[in-house]
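In: coords please:
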Amino acid sequence: MTEIIDGKAVAKKVNAVTAKAVDELKQRGVQPGIAVVIVGADPASQIYVRNKNRKAQALGMYSVVRELPASTTQAELLAVIAEYNADDRIHGILVQSPLPAQINEPLITMAIDPHKDVDGFHPTNVGKLLTNFPGNYPVANTPRGIMTMLAEYGVDPAGKTAVVIGRSTIVGKPMAALLTNANATVTIAHSRTQNLKALAKTADILVVATGIAHLITGADIKPGATVIDVGMDRDENGKLTGDVDFESARQVAGLITPVPGGVGPMTIATLMQTTVELAKWSDAE
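Out: Coordinates of the predicted model:
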């Protein structure tokens, strides 16, 4: 019997722990703060930023949203980042993607103080993740949220075969690193992978993050596998759907995330969790 992973329920548990941590920090005179910078008026980005801001405020954090016009220059954006790097009220800085063409996104990522890199995208933090470096540092929130879900549902990656379809720096690569650090045997697949679906069928843990609706079907899944669908696609009717064909996949998988209601809620919950951790680590320095 396939079990559906309830990302909303897990996110609720994470948020409850985060709210308690916020209260404890406030008692020590520290209010966790997050600054989200959005450049331009991309509708999806605006919704996402609004949701982040509301959640941060609901959890008792100090939350700033900086909206900049699409004409913003790279120098102007770098100046805003420098401002928040120097602001002791801000513990986490996030610059929302996508950015306009005139802005060099890797340069912007590099400009964020690694200690305030709430997205976990700065090369310093990525390097620490890849080397399984000991100590405290932020990790990309979507993959980290997925690891939290796996733990909540009793899925131990150790010794298992994992296939991650997608090699982005946001999901695929950090996901593979986290699974490797958890002692899984990991393969990263992508658009150039030969026999992709045959490879997918070898996975005990299958993570799909391609942006291609219904790329993976039940026929491509190992019976009893754990299937994590990171996709946020639209079908021909405009309805939100995933990279996995849920109806056929649920007939085969042991555990599966739905879209919506799976990975999505965990990303924002983990972002809030990371912000509080950054505040805690900063206070301990």
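In: and residue 200, how many neighbours does it have?
Out: 25 (other Cβ atoms under 10 Å). Heads up, the C-betas are built off the backbone N, CA and C, glycines and all.
In: quick one, what contacts the closest residue to residue 249 other than its chain neighbours?
Out: Spatial nearest neighbour of residue 249, excluding adjacent residues (Cβ to Cβ, 6 or more residues apart in numbering): residue 218 at 4.8 Å. If you count contacts by Cβ atoms under 8 Å, 6 or more residues apart in numbering, residue 218 has them with 245, 248-253.
In: what ranges do the helices span in the stretch 51-200 of the chain?
Out: Under the criterion DSSP state H, counting those that start in this stretch, the stretch 51-200 of the chain carries helices at the ranges 74-85, 105-111, 123-130, 141-152, 172-181, 196-200.
In: Please name the residues that touch residue 4.
Out: 250, 255-258.
In: And this structure, what are its domain boundaries?
Out: Following automatic domain parsing, the chain resolves into domains at 29-114, 141-264.
In: In the stretch 101-250 of the chain, where is pLDDT below threshold?
Out: Scanning the stretch 101-250 of the chain for pLDDT under 70 picks out nothing.
In: all strands of it, in order?
Out: 161-165, 185-189, 205-208, 226-229, 233-234, 240-241 (DSSP state E, counting those that start in this stretch).
In: Show me what the second one pairs with in its sheet, parallel or antiparallel.
Out: So that's strand 185-189. strand 161-165 (parallel) (DSSP bridges).
In: rewinding a little: what about the contacts of residue 4, which are in helices?
Out: Under the assignment DSSP state H, the contacts of residue 4 contribute nothing to helices.
In: Would you mind giving these as JSON lines with distance to residue 56 and neighbour count added?
Out: Shown next, in JSON lines, are the contacts of residue 4 (distance: Cβ to Cβ, whole Å; neighbours: other Cβ atoms under 10 Å):
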{"residue": "250", "distance to residue 56": "34", "neighbour count": "18"}
{"residue": "255", "distance to residue 56": "30", "neighbour count": "20"}
{"residue": "256", "distance to residue 56": "30", "neighbour count": "24"}
{"residue": "257", "distance to residue 56": "24", "neighbour count": "30"}
{"residue": "258", "distance to residue 56": "25", "neighbour count": "19"}
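In: Fine by me, thanks again.
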